[in-house]
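Student: prediction below, plus the sequence it came from.
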Amino acid sequence: MPRTTKRRRSTKHRGNAAGIVEARGRTGRKPTAAEKRASGERGASTGRSAKGSNAPKQKRYERPPTWKSAGTRAVVAAAVVYAVSTLILKRPVKSNLILLPIVLLIYAPMIYYTDLWMFRRNERKKAASR
C-alpha cells in the first residue's frame, strides 16, 4: 500500500472566520480546589506585556511618550492637512507640498510635548491617589 506524503494534522484547527484562534479550554478531569487556587494566583502575578497576551492594554498616558510615536502622528496629521487643503480648499498641489514639511516640523514637537505633559500629569495623579 503506497504511503501518501501529506501528513494528517493531529489536532483540529481552532480558527474562526475572522481568523481569531480561540483557546480550547480544559478537556481532562476537573481541577481540585488547590489547583484552581494555584492557577488563579499564578495568572494574576504574571505581568505579561508581550503581544498576543490576554493582559489589558495600557492606556496611552500610562506610558512615556516617544519621538517615534509623535512623528507617526505628525505624519498622519500632515496627510490630513494635505488632503483637506487639496480636496476641500482646492489649493494648488505645489503649495500643499511646500506645506507638508512645515506641518511636520511644527506638529511633531507639539505632539511630543503635549503627550509628555499629559503623561506627567497622569503620574502626579497616580502618586497623589496612593
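Tutor: Done, it's in.
Student: buried stuff in stretch 91-103?
Tutor: Within stretch 91-103, the residues that count as buried by 16 or more other C-beta atoms under 10 Å are Asn96, Leu99, Val103. In this view, the C-beta of every residue, glycine as well, is placed from N, C-alpha and C.
Student: let's see which of those end up in helices.
Tutor: Members of the buried residues of stretch 91-103 lying in helices (criterion: DSSP state H): Asn96, Leu99, Val103.
Student: surely the second one touches Tyr82?
Tutor: Yes: here Leu99 reaches Tyr82: they are 7.1 Å apart, a contact under C-beta atoms under 8 Å.
Student: how close does the residue nearest to Tyr61 when sequence neighbours are not counted get to Lys30?
Tutor: When the adjacent residues along the chain are set aside, Tyr61 lies closest to Asn122, with 4.3 Å between them (C-beta to C-beta, 6 or more residues apart in numbering). Here the criterion is C-beta to C-beta, to the nearest Å. By it, Asn122 lies 44 Å from Lys30.
Student: which one's more surrounded, these two?
Tutor: Between Asn122 and Lys30, counted using other C-beta atoms under 10 Å, Asn122 has the larger neighbour count: 15 against 7.
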